[in-house]
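S.K.: for reference, the sequence and a predicted model appear below.
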Amino acid sequence: MKKALVILLTIVAFANASFSFADELFDTSSADQGVVTVSYSAADSKVKVMVQMEDEKVFYNLVEDQITVPLTFGNGHYEIAVLENVSGSQYKIVEETTANVKMASPVVPFLTNTQTVNWESTDMMKATVSSIVNEDMNDQEKVDAVYNYIVDNFSYDYDKINTLDSNYVPNIDEFLMDGSGICYDYSALFAGMLRSQGIPVKLVKGYRNGIDAYHAWNEVYVDGNWIVVDTTTDSILKSSGMFTMLEQDSRLFTTVHTY
C-alpha cells in the first residue's frame, strides 16, 4: 500500500476520420452484457484504451493485443478509443468508435471477465472456490466464505509494489500460489471468486482514510445493496490479532476508478 506511480496522461492529437478497420478493432456485440473487446497491435508503442461516457472516462493499458473492458458507467452513449504513446505521457487517438449501450441491469459489468478481473481461465481459482462454497449457500454465505478464506490465508507483500511497472495487472492463480501480494491482487481475487459464482463485485481504486497510498478494494452486491469490503486491510489487521468485519464504512473511502 505504498505510493502509486502517478501518470499524467495528455491526449495531444486526434486521428483523422478513417475508421475503415473499426469493425475489426472494436467488438461491441457484447455491449449489452457490459463489455467491449478491443483488438490492436502497435509493435513497440505503448497503447491505451479509453472508455468514456460524457465527462467520465477511464484508461486501460493494452498489455496484450486484445483487451476486454467493462462498461462501468451504466447505460448511455460510450466513446471507445485506442491511443498510442507519442512521447512521455503524451498519447494520440489512432482509432475510435461509439456504442449506444442498454444493459438489462446496472450490475451486469461487474459479473464479467476482463483484463482487470480475469477469472474465466483460472483453473486453480475455480478449484479453490469449489472447496469453500457449495450450492446450498446463499449469496451472503458465499461472500462470507470467500472473505474469510482470503483474510485468513494471504499476507501483504510490502516489497512487491517496488518491482512493478504501470502495466501491471493481477494474475489470480499466481496470487493463489504465492500467498502474498498487494491490494490490487487481493481485490482481483475477491472479485474473481465471487463473479465466478454469479455475484456482482466491483474492483475499486482510490483512497482510504488512514492509508497514505493509492489503494484497491471491493464492493459486492448482496440482497440489493452494494457493501464495501477491504480484504487487504483486514488480512493485515487479522494477522496482528485485531478484530475485523466484512462490511466497511463507505465514508472511509474515496473512489477514483471502478472496474
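M.R.: Nice, thanks for sending it over.

S.K.: so which residues of this structure form strands?
M.R.: Remark: strands assigned in the chain by DSSP state E are 10-13, 26-27, 35-39, 47-53, 56-61, 66-70, 76-87, 90-101, 155-156, 180-181, 201-208, 215-222, 225-229, 253-258.

S.K.: of the ones you listed, flag the one that's most buried.
M.R.: Comparing the strands of the chain by mean neighbour count (mean count of other Cβ atoms under 10 Å), strand 215-222 ranks first with a mean of 24. C-betas here are computed from N, CA, C, even on glycine.

S.K.: where are the low-confidence patches of the protein?
M.R.: For the chain, the stretches flagged by pLDDT under 70 are 1-23.

S.K.: now with 80?
M.R.: For the chain, the stretches flagged by pLDDT under 80 are 1-24, 42-45.

S.K.: isn't Thr122 right up against Gly192?
M.R.: Yes: judged on Cβ atoms under 8 Å, Thr122 makes contact with Gly192 at a distance of 6.5 Å.

S.K.: hey, what's in contact with both of those two?
M.R.: Ile172 (Cβ atoms under 8 Å, 6 or more residues apart in numbering).

S.K.: neighbour-wise, which of these two wins?
M.R.: Gly192 (26 against 22; other Cβ atoms under 10 Å).

S.K.: how many other residues sit next to Ser240?
M.R.: Neighbours of Ser240 (other Cβ under 10 Å): 7.

S.K.: over to it: give its phi and psi.
M.R.: The phi/psi pair for Ser240 (degrees, to the nearest 10) reads phi -100, psi 10.

S.K.: tell me the contacts of the nearest residue to Ser235 once chain neighbours are set aside?
M.R.: Using Cβ to Cβ, 6 or more residues apart in numbering and skipping residues adjacent in sequence, the residue nearest Ser235 is Val151, 4.7 Å away. Val151 is in contact with Thr231, Asp234, Ser235, Lys238, Thr244, counting by Cβ under 8 Å, 6+ apart.

S.K.: which one (most neighbours) among the residues you listed?
M.R.: Among those, Thr231 has the most neighbours (other Cβ under 10 Å), with 26 neighbours.

S.K.: distance of that one from Asp139?
M.R.: Distance, Thr231 to Asp139, by Cβ to Cβ, to the nearest Å: 17 Å.

S.K.: cool, Val201 as well?
M.R.: Distance, Val201 to Asp139, by Cβ to Cβ: 11 Å.

S.K.: and for Ala188?
M.R.: Using Cβ to Cβ, Ala188 is found at 20 Å from Asp139.

S.K.: which ones are touching Leu194?
M.R.: Lys142, Val143, Val146, Val201, Val220.

S.K.: test my guess that the last one contacts Ile227.
M.R.: Yes: the pair Val220 and Ile227 passes the contact test of Cβ under 8 Å, sitting 5.9 Å apart.

S.K.: longest helix in the chain, please.
M.R.: Secondary structure of the chain per DSSP state H: the longest helix is helix 139-153.

S.K.: list the buried ones in that one?
M.R.: Across helix 139-153, burial judged by 16 or more other Cβ atoms under 10 Å covers Asp139, Lys142, Val143, Ala145, Val146, Tyr147, Asn148, Tyr149, Ile150, Val151.
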